[in-house]
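# Just need the structure, nothing else, for what follows:
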Amino acid sequence: MKFSSVLSAAGTLAVASAASSNSCSFSKTTITAATAVSQLNSCPTLDGDIQISGDQIGAIDFSSVKEIAGDVKLFNSSSVTEINLNQLKKISGSLSIDAYTQLHAIDFTSLTEAQKLSLVSLPSLALLNLNSGISKAGTIEVSDTALSSLRGLTNFNTVGVLNVNNNKNISSIDLAGLDTVSENLILSFNSDHCEIKLDDLAWASNLTIQDVSELSASNLTSVNGSLQLAYNNFNSVDLSSLKQVGGSVLIFANDELTDVDLGSLKEIGGELRLMNNTDLEDLGNTFKKLEEVKGAVNIRGAIANFTLPSLDKVDGDFSFSSTSDEFDCSDLKKQRSKGDIEGHNFNCSAPTKSKSSSSSGSKSSTKGGSSSTDSSSSGSSSSDSKKSNGASTLYTSMMVVSCGVAAALAIII
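Prediction:
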């Protein structure tokens, strides 16, 4: 049976009748009164589009609901303090709890399966009661809560989307058993000292790690989309098992990072970008097996050592800029000359060491140190330059002949 509009006391009999068939279906129903919430509790299965909001409800008791098959949204309330869903076993649709600012506890004792569960903007939420936990999930989002643990929320081996962000009390995320993420894994801006353990993760579509103090992902072999490591405060990151990234590799604004191990990485399907990693100086062995970058390469920093010994091909533009006078662009220039770096634009720059005497063979030098820069673009106008030089030479020769003839005539006269 279907219900629409705002559920009222007039619908009580209809809801009770539908409950006898174990399902209540609603079409864009908004509930703002405690009595209407009580009516919903007579439905073992909630289906359709339901929104519960407002400040007239103190607690939500759905202790008789066993399945949410539709889209249930609890949105914008400063009065609800507790939600009881202790008999809920399955969310085959979606459950979103958003902007319940005084909510401090949710009872999910029986929940084992969630196609889509979203807990967002719940600054007072500190307690989640899960017994055996969620073992099958599509999308899980936990954002801006007072939770200190994800215990029970992440008992699955595979997930579509897992997004855990801005939970300032979560200092450890251990996703033991998680081996596959089919869409997105985002772990960002939780506690400043948050430690991440992804030691069973082998494959992820997209992986974003931000503002963590430690990352462990020793078995990660493939990222189908993009890999982003940003704003972290760890000293080192070991992704030595990673062999392929289908999208871009973005490593930036990691102020304390000194060591990156991507030693098994062979292919990057998008862009390679490293910048604003203040203490990162040695990339000599970081990309020792990297063969191909299908996008652009953009690397900046105080980098003294950087090599690409296995490189066969860079399809996009290449820009490398170091502020360290220990770096020498010569190897990268050779790879450009050989055709390993194919992009239209190529640039490599680094300061030249100060020397007591003039250095030979440098592009440019000034007393007290200088910058050595090599840049080029394909399709240069070298032939035009040769033509111009030839024309200048011919003109000079003609002028000499003309002057000689004029001198001879002057003597005769």
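
# Okay, now the unreliable bits of the stretch 251-400 of the chain?
Low-confidence segments of the stretch 251-400 of the chain (pLDDT under 70): 355-374, 377-400.

# Can you show me the strands along it?
Using DSSP state E, counting those that start in this stretch, the strands of the stretch 251-400 of the chain run over residues 259-261, 267-268, 272-275, 282-283, 292-293, 297-301, 305-306, 313-314, 318-322, 345-352, 370-377.

# Take the ones you listed and lay them out in CSV including distance to residue 178.
For every residue, glycine as well, the C-beta is placed using N, CA and C. Below are these laid out as CSV (distance: least, C-beta to C-beta, whole Å):
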stretch, distance to residue 178
strand 259-261, 22
strand 267-268, 24
strand 272-275, 27
strand 282-283, 30
strand 292-293, 29
strand 297-301, 31
strand 305-306, 33
strand 313-314, 33
strand 318-322, 36
strand 345-352, 40
strand 370-377, 45
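
# what would the ones you listed look like in CSV with mean neighbour count and distance to residue 174?
Output for the strands of the stretch 251-400 of the chain, formatted as CSV (neighbours: other C-beta atoms under 10 Å; distance: least, C-beta to C-beta, whole Å):
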stretch, mean neighbour count, distance to residue 174
strand 259-261, 18, 21
strand 267-268, 20, 29
strand 272-275, 20, 28
strand 282-283, 18, 30
strand 292-293, 21, 33
strand 297-301, 20, 32
strand 305-306, 20, 34
strand 313-314, 18, 37
strand 318-322, 21, 37
strand 345-352, 19, 42
strand 370-377, 15, 47
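
# To residue 151, which of the ones you listed lies closest?
Of all the strands of the stretch 251-400 of the chain, it is strand 259-261 that lies closest to residue 151, at 30.5 Å by C-beta to C-beta.

# and the closest one, which strands flank it?
strand 236-238 (parallel) (DSSP bridges).

# Now do the partner strand: everything it contacts.
By C-beta atoms under 8 Å, 6 or more residues apart in numbering, the residues outside strand 236-238 that reach it are 215-218, 229, 257-261.

# for the residues you listed, which one is nearest residue 45?
residue 217 (39.2 Å).

# Could you pull out the helices in the stretch 1-150 of the chain for me?
Using DSSP state H, counting those that start in this stretch, the helices of the stretch 1-150 of the chain run over 12-19, 34-40.

# Flag every buried residue along the shortest one.
Same thing as helix 34-40. Neighbour counts over helix 34-40 (16 or more other C-beta atoms under 10 Å) mark 34, 36-37, 39-40 as buried.

# Can you add pLDDT and distance to residue 271 and give these back as JSON lines?
Below are the buried residues of helix 34-40 laid out as JSON lines (pLDDT from 0 to 100; distance: C-beta to C-beta, whole Å):
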{"residue": "34", "pLDDT": "94", "distance to residue 271": "54"}
{"residue": "36", "pLDDT": "93", "distance to residue 271": "52"}
{"residue": "37", "pLDDT": "94", "distance to residue 271": "50"}
{"residue": "39", "pLDDT": "92", "distance to residue 271": "54"}
{"residue": "40", "pLDDT": "94", "distance to residue 271": "49"}
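
# of all those residues, which comes closest to residue 316?
Nearest member of these to residue 316, counting by C-beta to C-beta, is residue 40, at 55.1 Å.

# ok, so of the buried residues of helix 34-40, who is nearest residue 267?
Closest to residue 267, out of all of the buried residues of helix 34-40 and judged by C-beta to C-beta, is residue 40, at 52.2 Å.

# thinking again about what came up before, please name whichever of the strands of the stretch 251-400 of the chain is nearest to residue 101.
Judging these by C-beta to C-beta, what sits closest to residue 101 is strand 272-275, at 38.4 Å.

# Cool, thanks, talk later.
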